[in-house]
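1. I'll drop the sequence and a predicted model, then ask my questions.
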Amino acid sequence: MEVTIIILTYKRLDHFKRFIDSVKKYTNDISYDLLAVVDGGDMDTYDWCIENNIKCILASYNREFVAQANLAVYAS
């Protein structure tokens, strides 16, 4: 079974890194993809995703939660 874990983030790179570490540490028994939606031009988080081979969508502006989630679902 493959699962896509979608993460919506906005200027919280420290929390985002901890989340990713937890997913990698505790999600060993299934196959999964990570997909991050980085909102509002948060280039630090976007660059970190690219450097760590995490699929990433950079939204052009700060969107509401539902718009971010829909963007991620369409991309996955």
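-> Good, I have the coordinates. Since the model is a prediction, treat every value here as computed from it, not as a measurement.
2. helices and strands of the protein: which one has the lowest mean pLDDT?
-> helix 65-75 (a mean of 62; mean pLDDT, DSSP states H and E).
3. Now do the strands in the chain.
-> Taking DSSP state E as the criterion, the chain contains strands spanning 2-9, 31-38, 55-58.
4. Show me the strands paired with the shortest one, marking each as parallel or antiparallel.
-> Within its sheet, strand 55-58 is paired with strand 31-38 (parallel), according to DSSP bridges.
5. hey, C-alpha coordinates of the strand it pairs with in CSV?
-> Coordinates of the C-alpha atoms in strand 31-38 are reproduced here as CSV (Å, rounded to 0.1, in the frame of the first residue of the first chain):
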residue,chain,number,x,y,z
SER,A,31,5.4,2.8,1.6
TYR,A,32,4.7,6.6,1.4
ASP,A,33,5.4,9.7,-0.5
LEU,A,34,5.8,13.1,1.1
LEU,A,35,4.2,16.2,-0.5
ALA,A,36,4.7,19.6,1.0
VAL,A,37,2.6,22.7,0.0
VAL,A,38,4.7,25.7,1.0
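6. With mean pLDDT and distance to residue 21 added, can I get the strands of the chain in CSV?
-> Bear in mind the C-beta positions are built from the backbone N, C-alpha and C, glycine included. What follows is the strands of the chain, written out as CSV (pLDDT from 0 to 100; distance: least, C-beta to C-beta, whole Å):
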stretch, mean pLDDT, distance to residue 21
strand 2-9, 86, 12
strand 31-38, 89, 12
strand 55-58, 87, 17
